[in-house]
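J.: From the sequence below, what's the structure:
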Amino acid sequence: MSASLDKVYAIILAAGASTRLGSPKQLLEWRNQSLLAHTLQNVQVLLGKQVYVVLGAHAAEIQSALALDKRNTVINANWEEGIASSIRAGVNALPASASAVLILLCDQPLINTRHLQQLLKGWQSATDKIVASQYPQSVGVPALFPARYFEQLLTLSGDRGARSLFKAFETNLQKIPIPEAEFDIDYKEDFDRLLRLTAAEDYHE
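T.: Purely as a prediction, here's the structure:
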């Protein structure tokens, strides 16, 4: 019998300033919706309202553009510290009953519901393990952490994500091959490449 997802939550990290892009990447329009709305939609299909969005640098602009549920929106006042502060803010917002957290970014547009479902199923088959995306050359997010690792997530600092935990707890790490996770949007050229990559698919839909 698979473990229940009733107490599994997701945190979407969307607090960055998008300095290299020059405008909020969260609001880039792709397939008739913003990248953040795309990510939110994908995870809500699986976890419903058990999703928190962490905002920071462009919080007011993003909240104005998207109809985010205020109860599930976390404002990270320390976003300038880096991604670790957003992870801490998101984990601190979780209810005490949370059994695991799925951490994902809003700038990995090729991640879809099927990929997230793979990660959740991986956790359901081994609820004590960290479940991470296997890139061609490394391991990263989206990744799912059982509650026993929340304390470690809260110790992260600076502009380092959860990658250090993958190494520290490698013997308890389940890797799910998701090469699409390696593609993210940092520069305008990345977004232009996304449009080229998906143009053919969009044309035939």
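J.: which element is the residue most central in space within the chain on?
T.: For the chain, Leu104 is the residue whose C-alpha lies nearest the centre (CA atoms, centre = their mean; 1.0 Å). Per DSSP states H and E, Leu104 falls inside strand 100-105.
J.: before we move on, what about Ser97?
T.: Using DSSP H and E, no helix or strand contains Ser97.
J.: List the residues that contact the residue nearest to the centre of the chain.
T.: Neighbouring residues of Leu104 by CB atoms under 8 Å, 6 or more residues apart in numbering: Ala10, Ile11, Ile12, Leu13, Thr39, Val43, Ile111, Leu116, Val141, Pro142. All C-beta atoms are positioned from the backbone trio N, CA, C, and that covers glycine.
J.: what ranges do the helices span in this structure?
T.: 35-47, 59-65, 83-93, 113-125, 150-153, 163-168, 188-204 (DSSP state H).
J.: how about JSON lines for those helices, with distance to Gly22, mean pLDDT and mean neighbour count added?
T.: Formatted as JSON lines, the helices of the chain follow (distance: least, CB to CB, whole Å; pLDDT from 0 to 100; neighbours: other CB atoms under 10 Å):
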{"stretch": "helix 35-47", "distance to Gly22": "15", "mean pLDDT": "97", "mean neighbour count": "20"}
{"stretch": "helix 59-65", "distance to Gly22": "14", "mean pLDDT": "94", "mean neighbour count": "16"}
{"stretch": "helix 83-93", "distance to Gly22": "19", "mean pLDDT": "97", "mean neighbour count": "21"}
{"stretch": "helix 113-125", "distance to Gly22": "28", "mean pLDDT": "97", "mean neighbour count": "18"}
{"stretch": "helix 150-153", "distance to Gly22": "30", "mean pLDDT": "97", "mean neighbour count": "15"}
{"stretch": "helix 163-168", "distance to Gly22": "26", "mean pLDDT": "94", "mean neighbour count": "15"}
{"stretch": "helix 188-204", "distance to Gly22": "7", "mean pLDDT": "85", "mean neighbour count": "12"}
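J.: can you list those helices in TSV and add distance to Pro179?
T.: Below are these laid out as TSV (distance: least, CB to CB, whole Å):
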stretch	distance to Pro179
helix 35-47	17
helix 59-65	29
helix 83-93	22
helix 113-125	10
helix 150-153	25
helix 163-168	17
helix 188-204	13
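J.: Tell me which of these sits nearest to Ser99.
T.: helix 113-125 (9.1 Å; CB to CB).
J.: C-alpha coordinates for the closest one, PDB please?
T.: C-alpha atoms of helix 113-125 as PDB (Å, rounded to 0.1, in the frame of the first residue of the first chain):
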ATOM      1  CA  THR A 113       3.100  16.900 -13.700                       C
ATOM      2  CA  ARG A 114       4.400  13.500 -14.900                       C
ATOM      3  CA  HIS A 115       7.900  14.300 -13.600                       C
ATOM      4  CA  LEU A 116       6.500  15.500 -10.200                       C
ATOM      5  CA  GLN A 117       4.400  12.400 -10.000                       C
ATOM      6  CA  GLN A 118       7.500  10.300 -10.500                       C
ATOM      7  CA  LEU A 119       9.100  11.900  -7.500                       C
ATOM      8  CA  LEU A 120       6.100  11.500  -5.300                       C
ATOM      9  CA  LYS A 121       5.800   7.900  -6.300                       C
ATOM     10  CA  GLY A 122       9.400   7.400  -5.400                       C
ATOM     11  CA  TRP A 123       8.800   8.800  -2.000                       C
ATOM     12  CA  GLN A 124       5.600   6.700  -1.600                       C
ATOM     13  CA  SER A 125       7.700   3.600  -2.200                       C
END
